[in-house]
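Asker: Need a 3D model of the sequence below.
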Amino acid sequence: MLMLAAVVLVAAGCGKKDQAEADDPQAAESIAPVISNTPPTFEVDATKLLTARLPVEETRAGWVRLFDEHTLFGWQIAAPANWRIESGAIKVDAGDTGLLCTSVPWQDFELRLEIKADEKTNSGIFLRTPLTPEDPATDCYEFNIAPADNPFPTGSLVKRLRSDADIKLDPQAWHLYEFRLVGDRLTVSINGQQVLDYTDPLPLAPGRIGLQHNAGAVAFRDIRIRPIGLEKLITDDLANWTQYPDMAGKFEMIEGGLLQVTDGRGQLESKESYDDFVLFAEAKTMSENLNSGIFFRCIPGETMNGYECQINHAIKDADPLAPADCGTGGIFRRSDARIVAASDREWFTMMLVANRSQVAAWVNGLQVTDWKDNRQADPNPRKGLRLEAGTLMIQAHDPTTDLLFKSLDVMPIAKPTQGAVEPGA
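Answerer: Reported below is the predicted structural model:
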């Protein structure tokens with residue numbers, strides 16, 4: 001049984017705790033609309049947070065939530081505004097013009113969210129953006145949400161393409177916005193109607209997802225993303241990996257195209273090296289409190305000398321908010337997972353994004369880690385911030401190790417080419 005403990009969570013910073021609005025019984029997580037560029041703190045219990053996990057069919061397809069419906073974990077505020085959460089939605093209606101951005105960049109992806117905006121609201125969704133863009137004609141894609149008399153009404157890309165789609169939206173209703181951005185092409189639909197198809201002659205490098213406050217009231221909810229373009233590293237012949245037969249751990253392909261990891265200490269090392277990347281894995285632990293991990297930016301050939309994204313579902317005192325050993329999706333010895341969102345003997349998904357010094361991880365669609373390595377640079381990740389490319393390693397921890405991998409896919413994050421501010425720099 002899960003303990004209904006509560007935890008105070010803050011998104012990429014710290015600030016004074018805001019009192020929940022007493023007159024909103026349906027949204028205990030609501031906060032006073034304070035205008036600030038310091039992310040507010042939120043108190044939430046484990047049961048509420050775990051409800052934000054996605055159904056297995058969606059996580060297997062690669063979807064994760066960017067917004068957990070209760071906190072701004074994983075987001076950064078660029079300018080003072082009254083960003084807040086009410087009834088499972090992010091709301092804003094006062095303060096300076098600016099963005100609420102993801103802490104890590106996204107390259108090629110599908111993005112889905114619901115938006116409700118007043119009739120005169122001017123807002124937008126920013127794609128491949130720095131935290132503080134200067135010119136949407138060159139450093140981001142600004143999909144506008146604006147009245148019909150705006151030079152770029154809803155459905156347009158500011159300074160790039162004016163949409164002529166006939167868009168009529170009820171300001172009292174929620175509307176589904178769907179974005180697909182791959183390479184140089186961006187398509188957008190609202191409520192199933194395609195409103196934009198744009199090809200960029202000078203496509204932008206990866207950047208953040210941003211929600212804009214400009215003028216008027218706007219609300220965002222059910223924000224989820226699925227990266228596109230990951231390549232499979234686990235194949236029947238394990239051709240993408242180097243094995244170490246002198247080590248006790250065993251890595252064998254078994255029936256069903258599964259990778260089985262058993263026995264004592266050992267490692268399976270990728271032949272390719274990666275510095276900034278998106279990684280997706282589906283795995284299952286086959287015993288209680290099993291310990292393993294996926295290492296990244298490893299020094300090639302050394303014994304698991306890299307950052308470790310932990311696999312360990314053990315918790316203390318039946319409380320998912322208290323990982324017993326860093327927690328699945330946490331960065332071992334650096335940043336514990338804020339909640340353990342997976343269980344032993346059940347398939348789970350994990351997504352990991354590493355960009356420069358910023359690392360984010362999701363388990364079963366719920367973000368559990370948002371960590372920046374603030375140590376001095378060092379080629380040895382045990383001693384400091386390693387930005388150099390390194391190998392991936394799957395760990396066999398000890399003689400009790402017994403887990404399965406159904407997939408492990410990866411995509412490098414391209415480097416900026418047009419002067420964009422890189423998240424995690």
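Asker: so where's the protein uncertain?
Answerer: For the chain, applying pLDDT under 70 flags the ranges 1-33, 39, 417-425.
Asker: now the helices for it?
Answerer: 46-50, 56-60 (DSSP state H).
Asker: So the closest residue to residue 159 other than its chain neighbours versus residue 62, what's the distance?
Answerer: In this structure, residue 159 finds its nearest non-sequential neighbour in residue 137, 3.8 Å apart by CB to CB, 6 or more residues apart in numbering. Yep, even glycine has a C-beta here, placed from its N, CA and C like the rest. Using CB to CB, to the nearest Å, residue 137 is found at 31 Å from residue 62.
Asker: which of the two has more neighbours?
Answerer: residue 62 (21 against 11; other CB atoms under 10 Å).
Asker: burial measure for the closest residue in space to the more buried one that isn't next to it in sequence, as a count.
Answerer: In space, and not counting its chain neighbours, residue 62 is closest to residue 226: 4.5 Å by CB to CB, 6+ apart. Applying other CB under 10 Å, we find 19 other residues in the vicinity of residue 226.
Asker: Residue 226 reaches residue 66, doesn't it?
Answerer: No - taking contacts as CB atoms under 8 Å, residue 226 lies outside contact range of residue 66: 10.8 Å.
Asker: residues in contact with the closest residue to residue 133 other than its chain neighbours?
Answerer: Leaving out its chain neighbours, the residue that sits closest to residue 133 by CB to CB, 6+ apart is residue 140, at 4.3 Å. Contacts for residue 140 (CB atoms under 8 Å, 6 or more residues apart in numbering) come out as 126, 127, 128, 129, 130, 133, 204, 207, 210, 420.
Asker: When you filter the residues you listed down to buried only, what's left?
Answerer: By neighbour count, with 16 or more other CB atoms under 10 Å, these hold 126, 127, 128, 129, 130, 133, 204, 207, 210, 420 as buried.
Asker: sorry, back to before: how much space between the residue nearest to residue 159 and residue 291?
Answerer: From residue 137 to residue 291 the distance is 51 Å (CB to CB).
Asker: show me the contacts for residue 402.
Answerer: Each residue near residue 402 by CB under 8 Å, 6+ apart is listed here: 260, 261, 262, 285, 286, 287, 290.
Asker: Let me see the contact set for the fifth one.
Answerer: Read that as residue 286. Residue 286 touches 344, 345, 402, 403, 404, counting by CB under 8 Å, 6+ apart.
Asker: Got the domain ranges for this protein?
Answerer: Domain assignment for the chain, taken from automatic domain parsing, gives 6-227, 231-412.
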